[in-house]
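# Generate coordinates for the sequence data below:
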Amino acid sequence: MSRTLVIGDIHGGLRALHQVMERAQVTTSDTLIFLGDYVDGWSQSPQVLDYLMELATKQNCVFIRGNHDDLLKDWLSGNTANFDESVWFKHGGEATVLAYEPLNEAHKQRHIDFLNALQNYFLDEQNRLFIHAGFTNMNGIAYEYFPKLFYWDRTLWETAVALDVNILKDSFWYPKRLTIYNEIYIGHTPTTKINQTTPVNKACIWNVDTGAAFKGPLTILDVDTKEYWQSEPLPHLYPNEKGRN
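The predicted structure is shown next:
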């Protein structure tokens, strides 16, 4: 039986990805939707991209663009005028740069091509939106004026977390952005920021970033049943590294 599985932020943690794929017993009949941030943090960012590219030759995969993926694309392409490399290094970029040192230019170009082909979002036939971070336009993704917000925004999740659960969905005060889609699946802002290490549901949003870049596990969630599987916390799998801690 085929499933639709959504995967949270990986941040260079290939060991965790291998582990959680095995624990979820993923088969080639499953559709895999990756929410972005494949890189920056742990030491295997290039290997994660190689793994994903190979995986896509075997089964249906959807790859969403994360902000860290966009930063890596710019760095690999020599387009570093638009961000501060020193800040990027502090947020996981240094481990990525070191990991890319052994790769030749042809290998790097394959990664640039992969990163260029990432999707800003995926909207399925059941009106379920898969996006790395969020959107700010009250009429939805088709009206977003600044596409980079698809992988940088935090206000959508912040709104859902702060929402008074007593406000009815048809109320004037209910946030319009939370009424457009049946469900929204995001990463970007770890659930560990609200002291959770499992997927968190607020309003129509499911946050599947369970802090793999830091001290949490990597998570796979079945979007239909809401069953989920997790790796070991990443520091257990990379005991000699700091990740983004």
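
# Let me know the pLDDT of A203.
At A203, the pLDDT value in this model is 98.

# State whether it and D164 are indeed in contact, as I suppose.
No. A203 lies out of contact with D164 (Cβ atoms under 8 Å); the separation is 10.7 Å. C-beta coordinates here come from the backbone N, C-alpha and C atoms, glycine included.

# ranges for the helices of this protein?
14-23, 45-55, 67-76, 85-88, 94-100, 105-116, 155-162, 234-237 (DSSP state H).

# want to try JSON lines for those helices, with distance to R128 as columns?
Output for these, formatted as JSON lines (distance: least, Cβ to Cβ, whole Å):
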{"stretch": "helix 14-23", "distance to R128": "21"}
{"stretch": "helix 45-55", "distance to R128": "21"}
{"stretch": "helix 67-76", "distance to R128": "22"}
{"stretch": "helix 85-88", "distance to R128": "32"}
{"stretch": "helix 94-100", "distance to R128": "31"}
{"stretch": "helix 105-116", "distance to R128": "24"}
{"stretch": "helix 155-162", "distance to R128": "15"}
{"stretch": "helix 234-237", "distance to R128": "27"}
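
# Show me what the least confident helix or strand in the chain by mean pLDDT is packed against.
Ranked by mean pLDDT, DSSP states H and E, the weakest helix or strand in the chain is helix 85-88, scoring a mean of 91. Contacts defined by 3 or more Cβ pairs under 8 Å, 6 or more residues apart in numbering; DSSP states H and E place helix 85-88 against helix 67-76.

# sorry, back to before: of the helices of the chain, flag the one that's most buried.
Greatest average neighbour count among those goes to helix 67-76 (a mean of 22), per mean count of other Cβ atoms under 10 Å.

# Lowest average confidence across the helices of the chain, which one?
helix 85-88 (a mean of 91).

# how far is that one from where the chain is centred?
20 Å (Cα atoms, centre = their mean, to the nearest Å).

# what sits up against that helix?
Around helix 85-88, the neighbours that count as contacts under Cβ atoms under 8 Å, 6 or more residues apart in numbering are D40, L71, W75, G93.

# how does it look with 6 Å?
Residues external to helix 85-88 that are found in contact with it (Cβ atoms under 6 Å, 6 or more residues apart in numbering): L71.

# repeat for stretch 112-128
So stretch 112-128 is contacted by 49, 53, 62-65, 69, 73, 76-77, 129-131, 141, 147, 150, 181-183 (Cβ under 6 Å, 6+ apart).

# of the residues you listed, buried ones?
For those, a neighbour count by 16 or more other Cβ atoms under 10 Å gives the buried set as 49, 62-65, 69, 73, 76, 129-131, 141, 150, 181, 183.

# Which of the residues you listed lies at the shortest distance from T225?
Distances from T225 to the buried ones among the contacts of stretch 112-128, taken as Cβ to Cβ, are shortest for E183 (13.0 Å).

# where along the protein do the strands fall?
Applying DSSP state E to the chain gives strands spanning 4-7, 31-34, 61-63, 121-123, 128-131, 183-186, 200-202, 205-207, 219-222, 228-230.

# is it possible to export those to TSV including distance to G13?
What follows is those, written out as TSV (distance: least, Cβ to Cβ, whole Å):
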stretch	distance to G13
strand 4-7	11
strand 31-34	13
strand 61-63	16
strand 121-123	22
strand 128-131	20
strand 183-186	19
strand 200-202	20
strand 205-207	18
strand 219-222	12
strand 228-230	12
